[in-house]
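>>> Sequence and predicted structure, then a few things I'm wondering about:
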Amino acid sequence: MNKKLPFDSHTVDVILDNYPSPLYVYDEKGIRSASQKLNTAFDWNEGFKNYFAVKALPNPKILEILRNEGMGLDCSSLVELLLAQKINARGQNIMFSSNDTTAIEFKKARELDAIINLDDIAHLKFLEETAGLPELICFRYNPGNQVIGNTIIGQPEDAKFGMTKKQILESIGVARQKGVRQFGLHIMAISNNLDYMLSLQIVKILFDLAKEIRQKYGIKLKFINLGGGIGIPYKPDDKDFDINEFSKQVKKLLESTLDYETKIYMECGRYITGPYGYLITKVLHIKRTYKTFIGLDASMHNLMRPGMYDAYHHISILSNDSKGQHKQVYDVTGSLCENNDKFAIDRKLPKVKIGDILVIHDTGAHGHSMGFNYNGKLRSAELLLHEDGTVQLIRRSETPQDYFVTLV
């Protein structure tokens with residue numbers, strides 16, 4: 001079974017005539033459609049906002065598109081805050097969720113009047129001493145063994161993220177004594193989940209904590225951030241996350257658990273851009289030893305997920321004579337001096353020849369952004385496919401001069 005592409009081989013040929021491979025292409029129409037689908041699903045909640053996880057795709061042009069679709073930005077570092085500032089986002093359009101946070105990051109978040117989401121009980125004092133306490137503070141909850149994690153985010157009780165229930169209740173009490181008047185609650189306990197019932201279990205845990213906070217302190221939370229973690233169908237036979245049913249059940253849970261209305265926030269990144277990014281690469285070599293290896297001009301430095309998480313990414317071959325051919329088994333590799341530099345292992349594909357163009361699907365989140373320069377490899381260009389079919393360069397490829405510019 002194949003996945004659909006928003007472009008044909010002719011469009012890719014034109015792109016490669018102007019820009020060197022490998023490169024990333026993002027589908028603007030798909031990104032806007034996913035944004036609108038999420039917003040529509042939660043339109044019952046006045047004030048609903050998704051804070052796009054900037055780390056998923058930190059390109060200002062993409063962030064501008066998402067801001068135009070009504071989204072906020074979830075930032076986790078100084079540079080991500082600077083990216084938000086670059087597109088004139090500030091105030092409650094920024095959620096700053098970090099860990100092991102530096103003083104300069106807290107100061108920048110305060111300068112931008114961002115919502116600060118604290119990851120540790122000790123950060124309350126650190127924030128006060130370094131940047132001052134805002135009127136509104138959010139706390140990140142780690143539910144421990146109430147939730148089963150996965151290989152991407154780990155088991156919650158082993159994860160470095162978030163606070164225990166006891167710590168959150170204590171933090172709210174201390175913050176109130178110090179003059180903080182408004183509070184939010186946040187959770188991010190799973191990643192790339194396709195089962196809306198599992199996500200709903202986590203929401204219930206969060207709403208139950210919100211109820212306990214209400215009972216203990218008489219506080220109505222200004223917002224409850226359900227986090228992200230919604231997955232995408234990387235494999236052709238994977239089912240989509242049922243966002244509409246999830247939203248319907250969240251509404252029922254909220255009404256049955258709390259005695260007040262509150263804003264629902266999320267921080268979906270992968271769900272919004274993941275399926276709408278494509279890594280385009282050429283076949284350089286075909287090696288036959290104990291196995292058959294397809295050697296690409298892309299490597300793990302372009303897309304880390306398969307080598308890091310053993311993650312599946314579908315691969316299409318853009319050649320006129322590949323359809324209907326008998327499939328062969330390949331390892332699809334890059335040129336790094338590491339044996340985990342593989343995009344696919346024992347993958348059945350139509351017969352591949354040198355010079356073929358391959359498209360690696362679902363690379364619109366945690367793809368280019370996780371790139372690196374090991375082996376002196378250079379990061380690739382990023383292009384945006386507009387709804388009218390035109391293509392815009394939104395990040396040029398790195399050059400050797402870029403690599404050497406920071407050396408003293």
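Happy to help now that I have it.
>>> which stretches of the stretch 51-200 of the chain form helices?
Listed in chain order, the helices of the stretch 51-200 of the chain (DSSP state H, counting those that start in this stretch) span 60-68, 78-86, 103-111, 123-130, 165-177, 196-217.
>>> Tell me which residues are up against the longest one.
If you take Cβ atoms under 8 Å, 6 or more residues apart in numbering as the criterion, helix 196-217 is touched by 141, 143, 146-147, 165, 168-169, 172-173, 176, 183, 185, 187, 189-190, 193, 219-221, 224, 226-227, 229-230, 241-243, 245-246, 249-250, 253-254, 257-260, 262. Using the backbone N, CA and C atoms, a C-beta is placed for each residue, glycine as well.
>>> of the residues you listed, buried ones?
The neighbour-count test (16 or more other Cβ atoms under 10 Å) applied to those identifies 141, 143, 147, 165, 168-169, 172, 183, 185, 187, 189-190, 193, 219, 221, 224, 226-227, 229-230, 241-243, 246, 249-250, 253-254, 257-258, 262 as buried.
>>> now the longest strand anywhere in the chain and helix 60-68, what's the angle there?
Among the elements of the chain assigned as strand by DSSP state E, the one spanning the most residues is strand 277-288. Strand 277-288 and helix 60-68 are oriented at 140 degrees to each other (axes from the mean of the first three to the mean of the last three Cα atoms, to 10 degrees).
>>> send the alpha carbons of strand 277-288 over as PDB?
Presented in PDB, the C-alpha positions along strand 277-288 are these (Å, rounded to 0.1, in the frame of the first residue of the first chain):
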ATOM      1  CA  GLY A 277       6.700  17.000   5.300                       C
ATOM      2  CA  TYR A 278       8.700  15.000   2.800                       C
ATOM      3  CA  LEU A 279      12.400  14.300   2.600                       C
ATOM      4  CA  ILE A 280      13.500  14.000  -1.100                       C
ATOM      5  CA  THR A 281      16.700  12.200  -1.800                       C
ATOM      6  CA  LYS A 282      18.600  10.500  -4.600                       C
ATOM      7  CA  VAL A 283      20.000   7.000  -4.900                       C
ATOM      8  CA  LEU A 284      23.800   7.200  -5.200                       C
ATOM      9  CA  HIS A 285      24.900   3.600  -4.900                       C
ATOM     10  CA  ILE A 286      23.600   0.100  -4.600                       C
ATOM     11  CA  LYS A 287      25.800  -2.300  -2.600                       C
ATOM     12  CA  ARG A 288      25.400  -6.100  -2.600                       C
END
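>>> packing partners for it?
Judged by 3 or more Cβ pairs under 8 Å, 6 or more residues apart in numbering; DSSP states H and E, strand 277-288 is in contact with helix 9-18, strand 23-27, strand 292-296, strand 357-360.
>>> The second one pairs with which strands?
This means strand 23-27. Neighbouring strands of strand 23-27 in its sheet, by DSSP bridges, are strand 277-288 (antiparallel), strand 381-385 (parallel).
>>> Next, please give the residue ranges for the helices of the stretch 201-350 of the chain.
Using DSSP H, counting those that start in this stretch, helices in the stretch 201-350 of the chain cover 243-257, 270-273, 305-309.
>>> who are the neighbours in contact with the residue lying closest to Ile190 once chain neighbours are set aside?
Leaving aside its chain neighbours, Ile190 sits nearest to Gly229 (4.3 Å; criterion: Cβ to Cβ, 6 or more residues apart in numbering). Contacts for Gly229 were tallied using Cβ under 8 Å, 6+ apart; they are Ile153, Met188, Ala189, Ile190, Ser191, Asn192, Asn193, Ser199, Ile202.
>>> now Asn373
His301, Arg379, Tyr403.
>>> The longest strand of the chain: how far from the chain's middle?
25 Å (Cα atoms, centre = their mean, to the nearest Å).
>>> count of residues packed around the nearest residue to Gly132 once chain neighbours are set aside?
Spatial nearest neighbour of Gly132, chain neighbours left out: Arg110 (6.3 Å); criterion: Cβ to Cβ, 6+ apart. Arg110 has 17 neighbours, counted by other Cβ atoms under 10 Å.
>>> that older thread, between the contacts of Gly229, which is closest to Asp237?
Asn192 (16.0 Å; Cβ to Cβ).
>>> just to revisit the earlier point, how about the longest strand of the chain: buried residues?
Gly277, Tyr278, Leu279, Ile280, Thr281, Lys282, Val283.
>>> so what's the spatially closest residue to Leu82 that is not a sequence neighbour up against?
Nearest residue to Leu82, sequence neighbours excluded (Cβ to Cβ, 6+ apart): Lys108, at 7.5 Å. Shown in contact with Lys108 (Cβ under 8 Å, 6+ apart): Leu78, Leu81, Leu82.
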